[in-house]
Each structure stands twice: as C-alpha cells, then as structure tokens.
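Trainee: One predicted model, sequence on top.
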Amino acid sequence: MAIAKAAGDLNPHKYTGLFAVQDLVFEPLFKYGHEGNIEPGLATEWSVEEGGKLLNVTLREGVTFHDGTPFDATALKWNLERWIGMEANNWMNSSRLFAGLDIVDARHVRIRFREPVLGLLQEFTYVRPVRFLSPRSVAEDGSYRQPVGTGPWRQVSATNEASVFERYEEYWGEKPAFPKLEVRVLPDSRGRMAALRAGDIDLIGGAFASPITATEAQTLSAAGVHVVIDPGTTLDLIRMVGISDPSARLRQYPHELSGGLRQRVMIAIAVAAEPKLLIADEPTTALDVTVQAQILKLLKEIQAKLEMAMVLTTHDMGVVASAADRVVVMYAGRNVETGPVEKVLVSPRHPYTMGLIDAIPSRSDPIGSPFRGLPGMPPVLSAPIPGCAFEPRCPHAVPACRTQRPELERTADAAIFAACPVLNTSCKERIG
Ligand code: SF4
C-alpha cells in the first residue's frame, strides 16, 4: 500500500496519525456502517436511556489487545478517562457533557452525561481519540510508548518512509488474508500511480482515502497531466483509442467496423488493465498505409500516456524505423543482431539484416528492376541446427559456419551486438 505522507504518531489520543493507518490498529466501540447504520464493534449491545443521558454498553467477549491484555471494562474505563471530559477534546459533545463512568462488571459499563448528547453513538465511531489503546502501552509516567490496539493489524515498525504491520493472529473478527502489510510513503502522486501499474503495490491512498488529493490533482493538471476524476469505463477506453461516436460503436458488431477501428478496439482491450508491457504482434498487418500510420501514432501516444514499455513484432522495416527505439533482428528463432534502430538500419552488422534492408525497394531503382529478395528458404526448425541458421543463404559463409553456432557478441560499434564473427572481426570469439 502506498500513501502520500508518513503515517504519523498513531497515539489515538492525538490528532497527527493518518486515519487510514490508525484504522488498521485501533477499533471503536461502534462502527459507522452501510447507509449510516450503527454496527457492533468492540461493543456488541448497547442502549441509550434517560433521554440520551445514559449509555449502557456490553463489551465483546474474548477480545485482547496485541500485547495480550484483555479488553474489558477496566481497560475501557482507563481509555475513556483519557479523552472523555478532557479539555483538549471538548469539541466533542460527549467530552463536554461527560458526567462519569460506572463499571457494572467485566463486560458491562454505564456512561453518564449531564445532558443528552447529540449524535452520541456516532461520536463513539470516530477514529480518534476514541479508538482503544492497551493500558500497558504507556510508560509509568503516562507517556505513550507504542501503538497497541485490538485491530486486525499489529505494527512491527514505523519510519517516515514505511510502516510495517503483521496480522494479529488472535484477532476476534475476520482475519486479513495476508500475513504482512507494508505501508510505503510515496509523496509524489505520479510515483504512486506508476508503482500501482508496475504491480509494486496493490493499493494507493493520498493523505486520506483517494489516490490523489485535490491539490495534487490541480498541480498535475497545471503541469499538463490529464487528470480524470472518473473510475473509468469502456466508453473512456474507446475514446482513448480515438474512436469517434463511441456510444454508437459499442452497439455495433465487429464485422460492422473497419479494419482500423477493429485494431483500435483491440488496443483498447490490451491496455484496459494498464499493463507494464504491451506486446503487439504485427499490429499494422493488413492495414493500408494511412491507417497503419494512425495506429502507430496511437500506440506511441498510449505508450507515453500509460508509461508502459512496448514490444512490436513486425516484418516491416518501415514500422521498425518509425516506431522503435531498439531493434532485435530474429532469424529461425535466434537473436542475430540487436542495437539502436538508427544504427542497425543504417549500418547493419549481420548478413541477414543486410539482406532485409537491401530487399526494400528504393525510389532510385530503375523501373522494371528485379525484386531483391534473399536466396533460398528458411531452415526447417524441426531438425537441430548445429551451426549458423543463416548459413545456407549467406553469401559470406565459411565452412565453420555449418558446424559452430555463433554467439551474439559486441561489434566494432559498441552499441550493436551481432551473431556473425565472420563479418565482425572485433568479436571476442571467432569461428573458423
Ligand atoms: S556466421 Fe557465417 S553463415 Fe552466419 S551470418 Fe555470419 S558469415 Fe553468414
């Protein structure tokens, strides 16, 4: 889990800790539940009498703090006397009007008020200061030492960078599914989003519950980042890939869409989960050149927007030149040359790459000149290939090429690696 700022002091009687983190460790008597209903928490039964001046509470049986101390009427009284009636908490009606607390027995308490308290039960659902702390978690002089509550998580460590919690195995309620939880502080909202996409974290929160705060949203918008306050829908995805009239398109069958539109829908599906890596296998095959350029432009825009990596598989050197930063040339399932696109395409180091580039028709070719293809056929992959797979078609082959498999090695241009020591004599190892 990533949050915007350090969890702060979790002392439930102070006001500095993050609500979301306090909630992991401490619990209230009552919970503010669905549709505003008051639900059981550490109290299982209650009744308000005398027109709102008396609150009878029955405590849940068998609850213990993380240090093993029972949560009973004595612990409840010790906690309530630390906040009810305290001047520092007098913004709460219950504090201002508190008259006294009587222990009936270990599980029953009567809390009295001078006047009826407006919203009495809601006040007991607040995160602070009324979440309950183990009496043993304060020093002899009464100073607070560590956060020891009754909640599902027990704090193991806390710094300004991260807080670590482990599952409280004796928890009275439904235990968390995971044994450990790390709350990491990532102050930058884009950093939190990137970590979420990368799968490094599972949940993000800003200062409170939302992924980013309103101020962060304004700052990001001012910096030119498009901030959408919307959980995201299919329509948003369809809009993102540049399909006009998305509502109408969503009601159409695939055969009613053009090839370009179908390709855009495919891209929308592929990026719906905001992947860290998108593998696009022949994304522009069967598209005319105009649509092909549009799809490549769209892919690059989405890549930048979602900050994802992209692998394009293609036979089209034009696509490689216009869309890629690095290229890996494969032959018979082997990487035969790799490097920056602008270098590999301009000065290839492997005969297969040379042949591919040479096969591209040129405007300077005389009309009627023959097509320059590679001679021969690709190898049969069902049989082992002991040497260089390109050897039967290679104009530079030497006898050793047939028996010794060339490794991919750095060439004279340090940015390019090639699997052909015959042409790249600076390679560490040579064959023949
Ligand atoms: S290793 Fe030999 S056969 Fe393979 S590409 Fe180089 S020269 Fe040609």
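Mentor: Good, I have the coordinates.

Trainee: what sits up against stretch 4-15?
Mentor: Residues from elsewhere that reach stretch 4-15 (CB atoms under 8 Å, 6 or more residues apart in numbering): 16-18, 21-22, 25-26, 82-83, 127-133, 144, 147, 149, 155, 158-161, 163, 183, 185-187, 189, 192, 205-207, 212-213, 216. C-beta: built from backbone N, CA, C; applies to glycine.

Trainee: which ones among those are found in helices?
Mentor: Counted as lying in helices by DSSP state H, out of the contacts of stretch 4-15, are V21, Q22, V25, S189, R192, E216.

Trainee: Show me which of the residues you listed has the smallest pLDDT value.
Mentor: Lowest pLDDT of the ones in helices among the contacts of stretch 4-15: E216, 69.

Trainee: The residue lying closest to F132 once chain neighbours are set aside sits in which helix or strand?
Mentor: Spatial nearest neighbour of F132, excluding adjacent residues (CB to CB, 6 or more residues apart in numbering): N79 at 4.9 Å. Under the criterion of DSSP states H and E, N79 resides in helix 73-80.

Trainee: residue furthest from the geometric center of the chain?
Mentor: Ranking residues of the chain by C-alpha distance from their mean position (CA atoms, centre = their mean) puts G368 at the top, at 56.2 Å.

Trainee: So that residue: helix, strand or coil?
Mentor: The three-state label given to G368 by DSSP: H, G, I helix; E, B strand; the rest coil is coil.

Trainee: Show the end-to-end separation of stretch 384-404, please.
Mentor: 12 Å (CA to CA, to the nearest Å).

Trainee: per-residue confidence averaged over that stretch?
Mentor: In the prediction, stretch 384-404 has an average pLDDT of 95.

Trainee: just stretch 351-359 next, same as before
Mentor: Stretch 351-359 comes out at a mean pLDDT of 93.

Trainee: anything in it near the ligand?
Mentor: Yes. On the criterion CB under 6 Å from any ligand atom, stretch 351-359 is in touch with the ligand at P351.

Trainee: Show me what that stretch is in contact with.
Mentor: 317, 329, 331, 336-337, 344-345, 348, 371-374, 390, 393-396, 418, 420, 423.

Trainee: Burial check on whatever residue of the stretch 1-150 of the chain ends up closest to the ligand, number of neighbours?
Mentor: At 49.1 Å from the ligand, A2 is the closest residue in the stretch 1-150 of the chain, using CB to the nearest ligand atom. Neighbourhood size, A2 [other CB atoms under 10 Å]: 25.

Trainee: Against the ligand, how distant is R239?
Mentor: Computed as CB to the nearest ligand atom, to the nearest Å, the R239 to the ligand distance reads 48 Å.

Trainee: Also P361?
Mentor: 24 Å.

Trainee: That residue: how many residues sit nearby?
Mentor: 9.

Trainee: can you confirm it is in a strand?
Mentor: No. Looking at P361 with three-state DSSP, it is coil, so not inside a strand.

Trainee: Contact partners for it?
Mentor: Applying CB under 8 Å, 6+ apart, the residues contacting P361 are F371.

Trainee: let's see it at 10 Å
Mentor: P361 is in contact with S369, F371, R372, counting by CB atoms under 10 Å, 6 or more residues apart in numbering.

Trainee: List of residues touching stretch 81-93?
Mentor: Defining contact as CB under 10 Å, 6+ apart, one finds that stretch 81-93 is touched by 12-15, 77, 94-101, 111, 113, 115-120, 122-124, 126, 128-133, 135, 138, 142, 144.

Trainee: Let me know the distance separating the residue in the stretch 51-200 of the chain positioned nearest to the ligand from E161.
Mentor: Using CB to the nearest ligand atom, A198 is the residue of the stretch 51-200 of the chain that sits closest to the ligand, at 38.4 Å. Using CB to CB, to the nearest Å, A198 is found at 18 Å from E161.

Trainee: same deal with G151?
Mentor: In terms of CB to CB, G151 sits 22 Å off from E161.

Trainee: cool, and A309?
Mentor: Distance from A309 to E161, by CB to CB: 27 Å.

Trainee: Could you do H108 as well?
Mentor: Distance from H108 to E161, by CB to CB: 44 Å.

Trainee: okay, those two: which has more neighbours?
Mentor: Neighbour totals were compared for H108 and E161, and H108 leads with 15 against 10 (other CB under 10 Å).

Trainee: which SSE is the residue nearest to that one when sequence neighbours are not counted in?
Mentor: Nearest residue to H108 in three dimensions, chain neighbours excluded: T58, at 5.8 Å (CB to CB, 6+ apart). Assigned by DSSP H and E, T58 belongs to strand 54-59.

Trainee: what about stretch 392-407 and the ligand, touching?
Mentor: Yes. Stretch 392-407 reaches the ligand (CB under 6 Å from any ligand atom) through C394, H396, A397, C401, P406.

Trainee: how long is that stretch end to end?
Mentor: Note: stretch 392-407 ends 18 Å apart using CA to CA.

Trainee: Please name the residues that touch K53.
Mentor: K53 neighbours (CB under 10 Å, 6+ apart): L97, A99, I111, R112, F113, R114, E115, P116, V117, L120.

Trainee: what does the stretch 201-350 of the chain put close to the ligand?
Mentor: Counting by CB under 6 Å from any ligand atom, the residues of the stretch 201-350 of the chain close to the ligand are H350.

Trainee: How many neighbouring residues does the closest residue to the ligand within the stretch 201-350 of the chain have?
Mentor: The ligand sits closest to H350 of the stretch 201-350 of the chain, with a gap of 6.0 Å, by CB to the nearest ligand atom. Residues near H350, counting by other CB under 10 Å, number 28.
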